[in-house]
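**Student:** How does the following fold in three dimensions:
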Amino acid sequence: MLCVVAAFIERDDHILIARRSTGDPNVLGKWEFPGGKVEPGETEAHAIEREIFEEFGVSVQSEKYLTNSVFEYPNRTVDIHLYQCRYISGEFQLHDHSESRWVSKEELLQYDLAPADIPLAKYVLEDSHSLQISDLVVGNKYNNKQIATAFKCSSMGGMRRSKKTNSLVLIAKHNNPLYDDQWTEDGILNYTGMGTVGDQTLEGNQNITLATSKESGIHVYLFESYQDNQYYFDGEVELVGDVYTTNELDQNQNMRTVFKFPLRLKNPNSKLLIDIQDVKNSEKEKRKSIRKFSQKEMKEKIKSIVSSGSFREVKAIYRERNSMISEYTKKRANGVCDLCGKPAPFKDKNGNPYLEEHHVVTLASGGPDKIYNTVAICPNCHRRIHVLNRKSDIDKLQKVILKYLLDDHDIENIENFKKLFSK
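**Tutor:** Numbering: from 1, shown residues only. Have a look, this model is predicted:
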């Protein structure tokens, strides 16, 4: 009996199948779950990863065994072991197949599958391998459907309660400027409660479920999103401090009271590494939304900002800058460089004057991400400051910031400015 491994690879709820163009005449021209035979001394997990790389030029990670199919061909008997695999990287290229397709589960049996693959397709169609909570891996990305399947909860909303699994799923959407969920340096996520319009309440919704989760014994799980329908799994979290309130704008741009829930990972060793490109793309999306605000609306939003930035671990420690402060700083400059006093050298794709935000006391030096420490300068001046670091430039920028604050009669930030630059 020949032992063969095959890959179950999903993308956007569709499954990869390929049409065999080389090899065994019993499967030539048939569609299959791609894979191949296990070499002597090789584990099945390693074999499927190797086979997919050889056949398509992409890297996958074998995550778990699903099922098997034994079939007797005229010349031999094969035992195919199906493994759920996660795509990691690479561009799909055909080497041993004439074509490949991403198909829905319902479409699988419409294809002329290799006989040994038909039982595997029926298994997939029956969904008997449904994702369980115990299958989730910290750091992996999951979609709404997968989350709903694992937790037996809704596929929508930022707080998803499931009585069947005694759990509460929290979604932190970092690409949505309405919610300001930020991590502190000591590993606390200040998670914003549910409710998009008007004051949030602790009655008749999942805010009270989260607030009383320790007493009730409900398991709380966290996912973080930097783009729609892709969620990093953080693992189980717990409430570690008192729930508090702060003021933030609602989706109608009216100031309202929101609840903040301080959360910490229950397993501090399960660190989540975020793809830095996801963070950058998320900031880009938030900026698009924020640019629609007037300068006055931005200023109102800034009043509610408590933290000096959010900390995430990527390949290095990456400090997220507050998009609202960045865009306000640029709008405040009105298209003119705060250092050289010349108009922005060009406009971006959206027709906005191109200026870059700069922190006079840099973030790396412990400077705050606040409007009393930020300026908008042209790319040339930005490079000049970082290369030359001249005291005269820094002094000039301090005067520019102070003038903005004085013109705006911003007493609170004038005091903050004085404290920062009197050190």
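
**Student:** With adjacent residues omitted, what lies nearest to residue 381?
**Tutor:** In space, and not counting its chain neighbours, residue 381 is closest to residue 339: 4.2 Å by CB to CB, 6 or more residues apart in numbering. Bear in mind the C-beta positions are built from the backbone N, C-alpha and C, glycine included.

**Student:** so who does the one you found touch?
**Tutor:** Contact analysis of residue 339 by CB atoms under 8 Å, 6 or more residues apart in numbering lists 375, 377, 378, 381, 384, 385, 393, 396, 397, 400.

**Student:** go with 10 Å
**Tutor:** Shown here is residue 339, whose contacts under the criterion CB atoms under 10 Å, 6 or more residues apart in numbering are 358, 375-378, 380-382, 384-385, 393-394, 396-397, 400.

**Student:** what about residue 223, which helix or strand?
**Tutor:** In the assignment (DSSP states H and E), residue 223 maps to strand 219-227.

**Student:** Can you give me the domain assignment for this protein?
**Tutor:** Here the domain parsing of the chain from automatic domain parsing is 2-126, 135-320, 321-423.

**Student:** Can you redo the ones you listed as JSON lines, where the extra columns are mean pLDDT?
**Tutor:** Putting the domains of the chain into JSON lines (pLDDT from 0 to 100) gives the following:
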{"stretch": "domain 2-126", "mean pLDDT": "89"}
{"stretch": "domain 135-320", "mean pLDDT": "84"}
{"stretch": "domain 321-423", "mean pLDDT": "93"}
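
**Student:** Over to the residue nearest to residue 381. Which of the three states is it?
**Tutor:** Secondary structure for residue 339, judged by DSSP: H, G, I helix; E, B strand; the rest coil, is coil.

**Student:** returning to what we had before: show the buried residues in the contacts of residue 339.
**Tutor:** The neighbour-count test (16 or more other CB atoms under 10 Å) marks 358, 375-378, 381-382, 384-385, 393, 396-397, 400 as buried among the contacts of residue 339.

**Student:** In CSV: those residues, plus distance to residue 215 and secondary structure.
**Tutor:** As requested, the buried ones among the contacts of residue 339 are arranged in CSV below (distance: CB to CB, whole Å; DSSP: H, G, I helix; E, B strand; the rest coil):
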residue, distance to residue 215, secondary structure
358, 48, strand
375, 48, strand
376, 49, strand
377, 52, strand
378, 56, coil
381, 56, helix
382, 52, helix
384, 58, helix
385, 53, helix
393, 56, helix
396, 56, helix
397, 51, helix
400, 52, helix
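
**Student:** tell me which of those is nearest to residue 73?
**Tutor:** Within the set of the buried ones among the contacts of residue 339, residue 382 lies nearest residue 73; the separation is 67.0 Å, counting by CB to CB.

**Student:** Now do residue 216 against residue 168, distance only.
**Tutor:** Computed with CB to CB, to the nearest Å, the distance linking residue 216 and residue 168 is 10 Å.
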